[in-house]
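Enquirer: test case, fold it:
(chains A and B)
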Amino acid sequence: AQSVSQHNHHVILSEAASLELGCNYSYGGTVNLFWYVQYPGQHLQLLLKYFSGDPLVKGIKGFEAEFIKSKFSFNLRKPSVQWSDTAEYFCAVNAHEEYGNKLVFGAGTILRVKS
Amino acid sequence: EAQVTQNPRYLITVTGKKLTVTCSQNMNHEYMSWYRQDPGLGLRQIYYSMNVEVTDKGDVPEGYKVSRKEKRNFPLILESPSPNQTSLYFCASSPRKTSEQYFGPGTRLTVT
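Expert: Below is the predicted model of the structure:
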């Protein structure tokens, strides 16, 4: 079965620190990849997505992610976090056709940024 | 404004009392989906719909029903709720099955 793994469940950083959140998936075929963010008390919002082309994807609010096909990874990065980045971050993978058009989410990483 | 709406936002009910959570989108999207979010488990798909009258099970469909009689609406039905269905529920829609999904504000359900 397809699965999505996020390496850290809780991350605590100070403002201006660099961020990298890991995401690995188990499906070997063609995939669409997403990172969503959920701010406290709010619904999920799309940060960025990868469908094809340049494996380095830039999203909103200074976030970026790199698709490394050989490692089945799609890690999220930000060079300098802000207090307002405190949120839960979800990696999600959509496999084409064979897996019933499902969007599979990782368990999430809760990021707390200390001011 | 393009959006996905859900009602109610909060619901406390008792075991066995049938309930419906409504979901509506105004973007003319074909694909709609229901998820539940539980701590440490992320979001898990309950049911999805590719178009009107076309629905299919997600990863955790037991205890839930859905219908898609109109393109804009995709209600989630719990015929006999149980405490293990206490969760945060999100409806989502997208123009195609492989594109990004737009999420509703969530419905927090407590079953006692």
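Enquirer: low pLDDT regions in chain A?
Expert: Regions of chain A meeting the criterion pLDDT under 70 cover residues A:1-2, A:96-101.
Enquirer: just chain B next, same as before
Expert: Judged by pLDDT under 70, chain B has its weakly predicted residues at B:97.
Enquirer: so what strands line up beside the longest strand along it?
Expert: Ranked by number of residues, the top strand in chain B under DSSP state E is strand B:42-51. Sheet pairing for strand B:42-51, assigned by DSSP bridges, gives strand B:31-38 (antiparallel), strand B:54-57 (antiparallel).
Enquirer: any chance of these in TSV, with distance to residue A:46 too?
Expert: C-beta: built from backbone N, CA, C; applies to glycine. Shown next, in TSV, are these (distance: least, CB to CB, whole Å):
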stretch	distance to residue A:46
strand B:31-38	15
strand B:54-57	23
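Enquirer: out of those, indicate the one that is most buried.
Expert: Comparing these by mean neighbour count (mean count of other CB atoms under 10 Å in any protein chain shown), strand B:31-38 ranks first with a mean of 23.
Enquirer: just how off-centre is that strand within its chain?
Expert: What separates the centre of strand B:31-38 from the centre of its chain is 5 Å, taken as CA atoms, centre = their mean, to the nearest Å.
Enquirer: enumerate the residues of chain B near chain A.
Expert: Within chain B, the positions near chain A by CB under 8 Å from any CB of the partner chain are B:31, B:33, B:35, B:40-45, B:48, B:50, B:56, B:58-59, B:90, B:92, B:97-101, B:103-106.
Enquirer: re the thing from before, and the longest strand of chain B, which residues are buried?
Expert: Across strand B:42-51, burial judged by 16 or more other CB atoms under 10 Å in any protein chain shown covers B:42-50.
Enquirer: cool, and stretch B:71-80?
Expert: Under the neighbour-count criterion of 16+ other CB under 10 Å, stretch B:71-80 has B:72, B:74-76, B:78 buried.
Enquirer: report the distance from that stretch to the chain centre.
Expert: Average the C-alpha atoms of stretch B:71-80, do the same for its chain, and the two points are 7 Å apart (CA atoms, centre = their mean).
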